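J.: pasting the structure only:
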């Protein structure tokens, strides 16, 4: 028959944490060891607490608060915001296109050089020498490079 | 000699040097006056005298030299160039596919600046032209080193028999010259002096107060003064003169047709850059031309002066203002919906 476990008020319970942290006085520790040797429930508790502590220790270290600028951070409404912006641009482009369609467009112009040369020569011959101003438009007026 | 006499002498010398500075070396004031008189006499003779002759028109463009001949007759105040051009008083007519077109129909009050403001004019005996003795006027831009132009006047009648514009090497660039001429006698006065029946008129009306976007400039380029502004068929024409040459600036609302050569059926031009703006340039018997676009206006400048004068004038005209941002955006958007 195994000896009765030391009286820790039934089981070790909260004492297990101090036991694992090695915070018990030598006499208390001897008593705890004696209890653990005879109490399967407390051994199981000790193993469970020890495993949990190990699991916590191997977790990566993280800050507990969000930094001011975090490129990875995105509020839950960002995607919705982007969708709204895209819709606004599309609407603006559609309005601009509609406005552009009704704006008066400049006509395309292809100046007639022979005609303008004739007008120039006619005017120049009034105040200048009519012979030398008009003779050049009496020959085929060809504009070259 | 006392001090007051010395001061007077110095003043006279200063005045003399000032006056001589106004009249360039080699051209006496009497020369200038005689040259201006020859120019005026020639204009009157071309309208008054009866003559019959053949004129050769020569010009160069970037590729080759051209030469064309045209018969010229004058009687009863009507000047005829073949069957194509007629000048009668202040009326100017050209023959087109649909009959005679009137280009001009009224006299003008402003003759333009005196040529002596820009040119040094020298008179000397010239060679015979079309078998007739001449007096020659050499016109040199003040400050330039060689003559730009030579004009040969019939010593007897005063008619301008030959006019040649010279390039920077002194070679003829463009010329108009009688190769033969006869006066009086055999000219069929009745046939020559009959003015054609006008089928259509494109005579411009004077435009004294043009609204924006048209801009009237009183002086442009090297000594060109505006002596008239006109409007016909939506085209504004500003006419400038430097006393010897004319320069017209035509303005049309719109933008240049996006073809390889913008100036209608004018043929291939050359692309030039003036004041950072690319434009189209052309040469022809009548002179030089440039076409460009600026802020919703298409400009066409035509001159019977050399290209250098045209380039200087263009620098003083609007160029290089791109369309506004809104309009560019609108045009870009509209282009998306256009079929090409």
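T.: Perfect, thanks for sending it. What you see is a predicted model; the values in this text were computed from it and never measured.
J.: skipping its backbone neighbours, what lies nearest residue B:248 in space?
T.: Closest residue to residue B:248 apart from its sequence neighbours, by C-beta to C-beta, 6 or more residues apart in numbering or on different chains: residue A:120 at 4.0 Å. Yep, even glycine has a C-beta here, placed from its N, CA and C like the rest.
J.: okay, and that neighbour sits in which element?
T.: helix A:113-127 (DSSP states H and E).
J.: ok, back up a step: next one, pLDDT for the residue nearest to residue B:248 please.
T.: We have a pLDDT of 96 for residue A:120.
J.: got the contact list for it?
T.: Contacts for residue A:120 (C-beta atoms under 8 Å, 6 or more residues apart in numbering or on different chains) come out as B:237, B:239, B:246, B:248, B:286-287, B:302-304.
J.: between those, which sits nearest residue B:212?
T.: Nearest to residue B:212 out of the contacts of residue A:120 is residue B:237 (C-beta to C-beta; 17.4 Å).
J.: by mean pLDDT, which helix or strand of chain A comes out lowest?
T.: helix A:78-102 (a mean of 77; mean pLDDT, DSSP states H and E).
J.: which strands and helices lie in contact with it?
T.: Other elements packing on helix A:78-102 under the criterion 3 or more C-beta pairs under 8 Å, 6 or more residues apart in numbering or on different chains; DSSP states H and E are helix B:325-336.
J.: and for residue B:194, the neighbour number?
T.: 15 (other C-beta atoms under 10 Å in any protein chain shown).
J.: spatially nearest residue to it (excluding sequence neighbours)?
T.: residue B:78 is the one closest to residue B:194 (C-beta to C-beta, 6+ apart), at 7.4 Å.
J.: which residues does that neighbour bridge with?
T.: residue B:75, residue B:88 (DSSP bridges).
J.: any stretches of the chain with poor pLDDT?
T.: You didn't say which chain, so I picked chain A. Low-confidence segments of chain A (pLDDT under 70): A:1-9, A:56-76, A:97-105.
J.: try chain B instead
T.: B:1-28, B:63, B:185-187, B:258-268, B:320-340.
J.: nearest the middle, which residue of it would you pick?
T.: Taking C-alpha atoms, centre = their mean, the centroid of chain B lies closest to residue B:246, which sits 2.9 Å from it.
J.: returning to what we had before: what's downstream of the helix holding residue A:120, the next helix or strand?
T.: Later in the chain than helix A:113-127, the nearest helix or strand by DSSP H and E is helix A:130-138.
J.: got the buried residues for the one helix or strand residue B:59 maps to?
T.: Using DSSP H and E, residue B:59 maps to strand B:51-60. Within strand B:51-60, the residues that qualify as buried are B:51-53, B:55-59, counting by 16 or more other C-beta atoms under 10 Å in any protein chain shown.
J.: same deal with stretch B:232-248?
T.: If you call a residue buried by 16+ other C-beta under 10 Å, then stretch B:232-248 has these buried ones: B:232, B:235-248.
J.: nearest to residue A:15, of those residues?
T.: Looking across those and measuring by C-beta to C-beta, the closest to residue A:15 is residue B:236, at 107.5 Å.
J.: got the contact list for the closest one?
T.: Residue B:236 neighbours (C-beta under 8 Å, 6+ apart): B:207, B:210, B:214, B:229-230, B:250-252.
J.: whichever of these end up buried, select them in ChimeraX.
T.: In ChimeraX, this line selects whichever of the contacts of residue B:236 come out buried by 16+ other C-beta under 10 Å:
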select /B:207,229,230,250,251,252
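J.: what number of residues lie near residue 145?
T.: Picked chain A for this. 16.
J.: hmm, I had chain B in mind actually
T.: 7.
J.: with residue B:47 instead?
T.: 16.
J.: do residue B:209 as well
T.: For residue B:209, using other C-beta under 10 Å, the count is 6.
J.: next up, phi/psi of residue 111, please.
T.: No chain specified, so I'll use chain A. Main-chain torsions, residue A:111, degrees, to the nearest 10: phi -60, psi 140.
J.: correction: the question concerned chain B.
T.: phi -80, psi -30.
J.: same question for the one 4 residues further on.
T.: Note on residue B:115: its backbone torsions stand at phi -60, psi -20 [degrees, to the nearest 10].
J.: nearest residue to it other than its sequence neighbours?
T.: residue B:243 (3.2 Å).
J.: now residue B:69
T.: The shortest distance from residue B:69 to any non-neighbouring residue, by C-beta to C-beta, 6+ apart, is to residue B:56 (5.2 Å).
J.: who's the one you found bridged to?
T.: Here residue B:56, judged by DSSP bridges, has bridge partners residue B:69, residue B:177.
J.: ok, residue B:66 - contacts?
T.: A:142, B:58-60, B:285.
J.: mind doing that once more with 6 Å?
T.: residue B:59 (C-beta atoms under 6 Å, 6 or more residues apart in numbering or on different chains).
J.: that one falls within a strand, correct?
T.: Yes - applying DSSP: H, G, I helix; E, B strand; the rest coil, one finds residue B:66 inside a strand.
J.: C-terminal to the least confident helix or strand of chain A, what's the next element?
T.: Counting by DSSP H and E, the element after helix A:78-102 in chain order, helix or strand, is strand A:108-109.
J.: parallel or antiparallel, list what pairs with that following strand.
T.: According to DSSP bridges, strand A:108-109 has the following sheet partners: strand B:255-256 (parallel).
J.: okay, the contacts of residue A:120 in JSON lines with secondary structure next?
T.: Listed next are the contacts of residue A:120 as JSON lines, based on three-state DSSP:
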{"residue": "B:237", "secondary structure": "strand"}
{"residue": "B:239", "secondary structure": "strand"}
{"residue": "B:246", "secondary structure": "strand"}
{"residue": "B:248", "secondary structure": "strand"}
{"residue": "B:286", "secondary structure": "coil"}
{"residue": "B:287", "secondary structure": "strand"}
{"residue": "B:302", "secondary structure": "strand"}
{"residue": "B:303", "secondary structure": "strand"}
{"residue": "B:304", "secondary structure": "coil"}
